[in-house]
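Participant: have a look at this prediction, sequence included:
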Amino acid sequence: MQFSNPIRAETTVHQVPGFSYEEIDRIAEQTFRRYTTESLPKRKGKGVAIVWFRNDLRVLDNEALFKAWVSSEAVLPVYCVDPRLFSTTRYFGFPKTGGLRAQFLIECLADLRKNLMKCGLDLLIQHGKPEEILPSLAKAYGVHTVYAQKETCSEELNVERLVSKSLQKVVLSSSEGQSAKPNSKNSTKLELIWGSSMYHIDDLPFNCNSLPDVYTQFRKLVESKSKIRSCIKIPTSLGPAPSIRDWGCIPEITVLGLEKAKVSKGMAFVGGESAAVSRVCEYFWSKNLLRTYKETRNGMLGPDYSTKFSPWIASGSLSPRFIYEEVKRFERERESNDSTYWVLFELIWRDYFRFLSIKQGNSIFHAGGPRKVETNWSQNQTLFEAWRNGQTGYPLIDANMKELLTTGFMSNRGRQIVCSFLVRDMNIDWRMGAEWFETCLLDYDPCSNYGNWTYGAGVGNDPREDRYFSIPKQAQNYDPEGEFVAYWLTQLRALPKEKRHFPGLLYIKPVVALKFGNTKTRNSKTMASGTRTTADENKCKGHKGNRTQ
Ligand code: FAD
């Protein structure tokens, strides 16, 4: 959707999804009903199991939660507010979690608690490091197993190692007296469960270490050789929970050391699983937008040009397999076309970056990236500040960066353009851009963020993804009327449409010259690389497209 009147839209906040809170609750309830069943095998487990929620803040299609239920007589759901999540980024010391994502997380936790309570459980919220909290809970409640979703990047893996080590020291009280020394039989186990991707890691037709270096090869192999597993159905009641006096409060944002953040313009995302399934319902079923996704997905303005699922997928409030099942249902009940397939095509990109993070390890965080490319990056603070504050003098860059600051979101098109500008036109160290995205993005996910940045900076594993995005050309193709820039940069509204992208003296003086000037002066090879979208997509017959940008 484009705003029909950008002037009036100045102060409009578009809540995503656009339903009332009552409607969100109703849609969530209906969806839950479809994914619960009475015909499950009888629960045979013993004792207490913990489900330690991490980036899987959902009840539907959550295997860790399901396994905790099956293996126990009582499930204790726990979330640890880990102070490390609110410290600073790796190299440049930005806040690790910005205010808008923290607010989104708070809403996710409140909604998770609400949905767990509907299933006869609750959510224990504790402040501190999981490696300290979980062993003490395990000891107090005689927990035989802690179930959690497996992660893939170093910071998360480190926490997994620490938790596993500290749980090994727990001696469960039932075995006290028999042996004072912890061993694998009398201590609490940590069971890590894969659950973040659409294709399950165990169903890949290759080992992650031999993952193809080219996305298209990966996609074709998984599409032809792997099957996407069905969502896990859960019983209507997951209770009982152990009896606990104080379940802890959902943290206030100020307790996390951050200031209250409120979206004043643009899109305001509602956190939580109920909003997530409602957004799927809105985008697919109410507005019928799945039918045209492939034609609109490169837009930049408003909630409807793309799905906007990413913030919920990143927090784990939305399962990619649930989206897959909804796409298939839509194809059965309404229409199957290139657009319905293209949402899955993009989700396969997400899977690819996740599996790449296993193969490439920490190299995705290093300046030279997986290919160890040596580049003389600048870390010029003045230029970087101009970029991150949206004051470069290029409206297309500035409008996108202001959207990120104001809402925590930026379109995929915008991300590619501002990334290319930072690394190619400004020659700034791409890690500064990636870390700033890490701070601000509602949908921040280390695999997708650093994966995309390494590609954008030309240090990713596939040099063919190394592209220059020409601002004049991108403006002409994706914001021809200047509506997007005028929405975010109000001073441009008074200008004629054709002047909005290059307002000259009527706007801030550009902080750097463009590497290739305007479209006419750029060499044809570079032009082709930055403007592949239409040509490639036209070439794409049926479902066999290349990555298009
Ligand atoms: P849609 O176009 O509706 O796509 C549907 C889903 O497919 C998305 O929700 C997302 O899960 C997945 N997807 C689409 N494009 C990509 C992609 N290029 N890489 C991985 N997954 C994709 N995405 C994140 O989720 N987290 C990030 O931290 C992140 N950082 C990025 C940084 C840069 C420099 C760039 C260029 C892209 C980044 N992306 C990231 C990918 C992409 O921009 C967002 O996923 C997308 O814009 C989210 O909007 P949407 O949900 O409306 O996407």
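Facilitator: Sure thing, it's come through.

Participant: just checking, Cys402 touches Val485?
Facilitator: For the record, residue 402 is Lys, not Cys. No: counting by CB atoms under 8 Å, Lys402 sits too far from Val485 to count as a contact (9.8 Å). For every residue, glycine as well, the C-beta is placed using N, CA and C.

Participant: looking at the two, which is more packed in?
Facilitator: For the pair Lys402 and Val485, the greater number of neighbours falls to Val485 (28 against 20), based on other CB atoms under 10 Å.

Participant: close enough to count as contact, that one and Leu492?
Facilitator: Yes: between Val485 and Leu492 there is a contact under CB under 8 Å: 5.7 Å.

Participant: from the stretch 51-200 of the chain, which residue is nearest to the ligand?
Facilitator: As assessed by CB to the nearest ligand atom, the ligand sits closest to Met198 within the stretch 51-200 of the chain, at 9.4 Å.

Participant: ok so, going back, what do Val485 and Leu492 both touch?
Facilitator: Applying CB atoms under 8 Å, 6 or more residues apart in numbering, one finds that Val485 and Leu492 are jointly contacted by Pro395, Arg500.

Participant: low-scoring stretches of the stretch 401-549 of the chain, by residue?
Facilitator: Scanning the stretch 401-549 of the chain for pLDDT under 70 picks out the ranges 518-549.

Participant: doesn't Trp52 fall inside a strand?
Facilitator: Yes: counting by DSSP: H, G, I helix; E, B strand; the rest coil, Trp52 is part of a strand.

Participant: what's the neighbour count on Glu132?
Facilitator: For Glu132, using other CB under 10 Å, the count is 13.

Participant: ok, it - contacts?
Facilitator: Glu132 touches Ser166, counting by CB under 8 Å, 6+ apart.

Participant: do a quick rundown of the strands in the stretch 51-200 of the chain.
Facilitator: Secondary structure of the stretch 51-200 of the chain (DSSP state E, counting those that start in this stretch): strands located at 74-81, 124-127, 143-149, 189-193.

Participant: can you tell which of the ones you listed is closest to Pro182?
Facilitator: strand 189-193 (11.5 Å; CB to CB).

Participant: and the closest one, what's buried?
Facilitator: For strand 189-193, a neighbour-count test (16 or more other CB atoms under 10 Å) marks Lys189, Leu190, Leu192, Ile193 as buried.

Participant: quick one, what contacts Ser164?
Facilitator: Listed by CB under 8 Å, 6+ apart, the contact set of Ser164 reads Leu190.

Participant: swap that for Thr31, please
Facilitator: Counting by CB under 8 Å, 6+ apart, Thr31 has contacts Leu60, Val277, Cys281.

Participant: nearest to Asp429, of those?
Facilitator: Val277 (39.4 Å).

Participant: hang on, the closest one in a helix?
Facilitator: Yes: according to three-state DSSP, Val277 belongs to a helix.

Participant: what pLDDT does the model give the closest residue to it other than its chain neighbours?
Facilitator: Residue nearest to Val277 in three dimensions, not counting chain neighbours: Thr31, with 4.5 Å by CB to CB, 6 or more residues apart in numbering. For Thr31, the model assigns a pLDDT of 98.

Participant: any idea which element Thr31 lies in?
Facilitator: Per DSSP states H and E, Thr31 falls inside helix 21-34.

Participant: where does pLDDT dip in this protein?
Facilitator: For the chain, counting by pLDDT under 70, the residues that fall below are 1-11, 174-180, 184, 518-549.

Participant: the longest helix along the chain: how far from the chain's middle?
Facilitator: Longest helix in the chain, counting residues (DSSP state H): helix 338-360. In terms of CA atoms, centre = their mean, to the nearest Å, the centre of helix 338-360 is found 12 Å from the chain centre.

Participant: returning to what we had before: so which of the contacts of Thr31 is the most crowded?
Facilitator: In terms of neighbour count, Val277 stands highest of the contacts of Thr31 at 29 neighbours, by other CB under 10 Å.

Participant: up against the ligand, what does the stretch 351-500 of the chain have?
Facilitator: 353, 411-412, 415-416, 419, 437, 441, 443-445, 448-449, 452-453, 456 (CB under 6 Å from any ligand atom).

Participant: in helices, which of the residues you listed appear?
Facilitator: Per DSSP H, these map to helices at Phe353, Asn412, Arg415, Gln416, Cys419, Phe437, Ser448, Asn449, Asn452, Trp453, Gly456.

Participant: from the residues you listed, list the buried ones, please.
Facilitator: Phe353, Asn412, Arg415, Gln416, Cys419, Phe437, Ser448, Asn449, Asn452, Trp453, Gly456.
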